[in-house]
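**Q** Sequence and predicted model, in that order:
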Amino acid sequence: MTGQVNEQNTTAPVVSLRGLRPGDLGWVTWRHAVYYHAALGWDTTYETLIARITAAYGERHDPVRERAWIAEVDGEPVGSVFCVKADRPGEVAQLRLLLLEEKARGLGIGGRLVDACLDFARAAGYREMVLWTVAGLDASRHLYVKAGFQIESEGPERLFGDDVIAQWWHLDL
């Protein structure tokens with residue numbers, strides 16, 4: 001990562017958030033599958049779920065009410081987040097597909113991704129935001145708690161070849 005020279009004559013990485021470009025939906029699917037297989041041993045059923053989510057977004061998202069961001073460090077993709085209409089009644093958005101590569105952690109990018117999603121949801125007129133995750137993802141949990149999300153419900157499930165505690169989180173916007 002090259003970046004820009006700061007006052008101490010050291011190189012600081014250039015961090016940016018941008019909208020989707022061709023190839024990004026495939027990158028999001030691939031990175032989620034590879035990351036969660038390496039980190040948690042999840043099988044290809046997780047990749048299939050992510051592929052369905054990204055395909056649905058690509059085919060029929062509403063650009064006024066839904067948006068996605070790719071985080072980059074020095075022009076290299078390192079993270080993602082999506083804001084979509086939740087499958088719930090009312091003005092409810094859902095934060096989806098938050099991912100940040102380990103090499104990009106500690107730069108404030110995760111918080112920027114969550115903030116971009118929340119800011120967009122508020123501007124788009126949503127009154128609430130939800131997200132689905134599993135227990136044990138401490139870096140993500142820290143970001144959700146910091147943003148004000150609270151656990152709405154949780155319970156054990158068998159998913160992705162693993163026993164997990166599935167969680168729904170909620171935030172009033």
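**A** Nice, thanks for sending it over. Residues are numbered from 1 along each chain as shown.
**Q** Now do the strands in this protein.
**A** Secondary structure of the chain, counting by DSSP state E: strands at 4-5, 11-12, 15-18, 67-73, 76-85, 92-100, 128-134, 150-159, 162-172.
**Q** Could you dump those into TSV and include mean pLDDT, mean neighbour count and distance to Leu49?
**A** From N, CA and C alone the C-beta is placed, and that goes for glycine too. Below are the strands of the chain laid out as TSV (pLDDT from 0 to 100; neighbours: other C-beta atoms under 10 Å; distance: least, C-beta to C-beta, whole Å):
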stretch	mean pLDDT	mean neighbour count	distance to Leu49
strand 4-5	50	10	38
strand 11-12	84	14	36
strand 15-18	97	15	24
strand 67-73	98	21	16
strand 76-85	98	22	13
strand 92-100	98	23	10
strand 128-134	98	19	10
strand 150-159	98	12	9
strand 162-172	98	15	12
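**Q** Among these, which comes closest to Ala38?
**A** Closest to Ala38 of the strands of the chain, according to C-beta to C-beta: strand 92-100, at 12.5 Å.
**Q** how far does stretch 155-173 sit from the chain's center?
**A** Mean C-alpha position of stretch 155-173 versus that of the full chain (C-alpha atoms, centre = their mean, to the nearest Å) differs by 15 Å.
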